[in-house]
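Enquirer: coords below, sequence missing:
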């Protein structure tokens, strides 16, 4: 069984940005409003952070429900793990997700700076340095035959796309513009030489872009 | 956690039929061509009967991939299990699916005629009589906290809809007409008083109808 590297539920502005400018502890998405970017997902029954039993079970829910399907590990950029840059000054920061992060698998955090492993609930974060292909190899071993999620942000996804390592990519384009920030693409057409693309508008207002290798 | 009763990937003609007329061993869908009804699903990477590693990973694949998600048991009508009617004359017939049926859970087959349990691979078929609510109760216990799939055919689904027991319903409307056979509805509008509906056209030509309770 082939192990895939998958991007799932990446939220992008209509003009191609996954996060705004000026990321900080208070504003993890910079000048972008995380509520406006993620409201389509938060409205679904399967959104991992949901605390009440309601939620929609239409098209968007298929995407949030698929988040954990056959996933055995995640790779994420350091900027997704936290707002710090440079050497870890202390180990107080343990990510955005509290005592029980929603991953429930090994997570490989890309960083040039050493830090010991961190286990929170069912998730263990490993802080790793290396070329995309090397980190993917580590993650595939940890995933024990299951697929690997590439969790973002856009900078990390671009690195793995440039190395031609991404098998499938789901991007939810949100109907707002950011003007500046961390860019995934100028246009989805950039990927059409390597990927099939289906563009599926959702009643919620987002437009799902589903790519898979040719 | 609520346990849902879900209809998944029911394939329906544009005029509302899930199967044609004259079901038999040779023609399980009667005069309907099963290939034409199911070709959208068979083209996807996650189709359970797929034997080669290819297949599309676009919108339709989210639906075939979701087939087993959090499902702990299935309920099916006797006509889905096989073409026989009346008392079981012998036990030679073991379903359409060979030694390893794609369910991998307990399956409750609705019948008025006694038959001993049948285990094939990871699937055990139980042959049960009772009102829809009673059979659903049995299936929920067997599902051990997970959801229950209502596998069809259309006659069984109508019985559970009439008893108001179905929580979510996904119907893939195929672009062909059958004219006669086993009907699910005259129009999807019949369910709008009780369900939300999203209608999502797929590039493959089928139109996904996704219902969930209001």
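Expert: Everything's here; your move. Keep in mind it's a predicted model, so treat the numbers as computed, not measured.

Enquirer: from chain B, how far off is the closest residue to residue A:31 other than its chain neighbours?
Expert: Excluding the flanking residues, the one nearest residue A:31 by C-beta to C-beta, 6 or more residues apart in numbering or on different chains is residue A:20, at 3.8 Å. For the C-beta atoms, the positions are set from N, CA and C on the backbone; glycine is no exception. Plainly put, residue A:20 is 29 Å away from chain B if you go by C-beta to the nearest C-beta, to the nearest Å.

Enquirer: ok, now which ones touch residue A:20?
Expert: Neighbouring residues of residue A:20 by C-beta atoms under 8 Å, 6 or more residues apart in numbering or on different chains: A:27, A:29-32, A:178, A:180-182.

Enquirer: repeat that for 6 Å
Expert: Residues near residue A:20 by C-beta atoms under 6 Å, 6 or more residues apart in numbering or on different chains: A:29-32, A:178, A:181.

Enquirer: now, which of the residues you listed sits nearest residue A:147?
Expert: Distance to residue A:147, by C-beta to C-beta, is smallest for residue A:29 among the contacts of residue A:20, at 26.1 Å.

Enquirer: ok, now which ones touch the spatially most central residue of chain A?
Expert: Taking C-alpha atoms, centre = their mean, the centroid of chain A lies closest to residue A:151, which sits 2.7 Å from it. When the contact criterion is C-beta under 6 Å, 6+ apart, the partners of residue A:151 are A:74, A:76.

Enquirer: try 8 Å
Expert: With C-beta under 8 Å, 6+ apart, residue A:151 has these contacts: A:74-77, A:80, A:107.

Enquirer: over to residue A:55?
Expert: Residue A:55 neighbours (C-beta under 8 Å, 6+ apart): A:43-47, A:61.

Enquirer: try it again at 6 Å.
Expert: Taking C-beta under 6 Å, 6+ apart as the criterion, residue A:55 is in contact with A:44-45.

Enquirer: quick one: buried ones out of the contacts of residue A:20?
Expert: Among these, those buried by neighbour count (16 or more other C-beta atoms under 10 Å in any protein chain shown) are A:29-30, A:32, A:178, A:181.

Enquirer: what residues does chain A have near chain B?
Expert: Neighbours of chain B within chain A, by C-beta under 6 Å from any C-beta of the partner chain: A:57-59, A:62, A:168, A:198, A:200, A:203, A:210, A:212.

Enquirer: after the strand ranked longest in chain A, next one along is what?
Expert: Longest strand in chain A, counting residues (DSSP state E): strand A:5-13. Where DSSP states H and E defines the elements, the next helix or strand beyond strand A:5-13 is strand A:17-19.

Enquirer: list the buried residues in the longest helix anywhere in chain A.
Expert: In chain A, taking DSSP state H as the definition, the longest helix is helix A:132-143. By neighbour count on 16+ other C-beta under 10 Å, the buried set for helix A:132-143 is A:132, A:135-136, A:138-140, A:142-143.

Enquirer: what do you get for stretch A:145-164?
Expert: So for stretch A:145-164, counting by 16+ other C-beta under 10 Å, buried means A:146-161.

Enquirer: repeat that for stretch A:103-112.
Expert: Here stretch A:103-112 shows A:103, A:105-111 as buried, counting by 16+ other C-beta under 10 Å.

Enquirer: which pair of those residues spans the longest distance?
Expert: Across the buried residues of stretch A:103-112 (C-beta to C-beta), the longest gap, 18.5 Å, separates A:105 and A:111.

Enquirer: quick one: low-confidence ranges for chain A?
Expert: A:1 (pLDDT under 70).

Enquirer: please enumerate the helices of it.
Expert: Here chain A has its helices, by DSSP H, at A:34-42, A:59-65, A:78-81, A:132-143, A:154-162.

Enquirer: check the offset of the first one from the chain's centre.
Expert: Distance of helix A:34-42 from its chain centroid, counting by C-alpha atoms, centre = their mean, to the nearest Å, is 14 Å.

Enquirer: kindly report the same for stretch A:93-107.
Expert: Using C-alpha atoms, centre = their mean, the offset of stretch A:93-107 from its chain centre is 13 Å.

Enquirer: show me the strands in chain A, by range?
Expert: Under DSSP E, chain A gives strands at A:5-13, A:17-19, A:71-77, A:106-110, A:118-120, A:123-128, A:147-150, A:168-174, A:182-183, A:195-201, A:207-213.

Enquirer: report the buried residues of the second one.
Expert: What it means is strand A:17-19. Buried-residue list, strand A:17-19, by 16+ other C-beta under 10 Å: A:17-19.

Enquirer: chain B: which of these is nearest?
Expert: residue A:18 (21.4 Å; C-beta to the nearest C-beta).

Enquirer: wait, what's in contact with that closest one?
Expert: With C-beta under 6 Å, 6+ apart, residue A:18 has these contacts: A:12, A:153-154, A:182, A:184.

Enquirer: is it possible to export those residues to TSV including distance to residue A:94?
Expert: Listed next are these as TSV, based on distance: C-beta to C-beta, whole Å:
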residue	distance to residue A:94
A:12	27
A:153	19
A:154	23
A:182	23
A:184	27
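
Enquirer: the nearest residue to residue A:57 once chain neighbours are set aside: neighbouring residues, count only.
Expert: Closest residue to residue A:57 apart from its sequence neighbours, by C-beta to C-beta, 6+ apart: residue B:212 at 3.6 Å. When neighbours are defined as other C-beta atoms under 10 Å in any protein chain shown, residue B:212 has 21 of them.

Enquirer: surely residue B:212 meets residue B:168?
Expert: Yes. Using C-beta atoms under 6 Å, residue B:212 is in contact with residue B:168, at 4.7 Å.

Enquirer: list residues touching both of the two?
Expert: Going by C-beta under 6 Å, 6+ apart, residues that sit against residue B:212 and also against residue B:168 are residue A:57.
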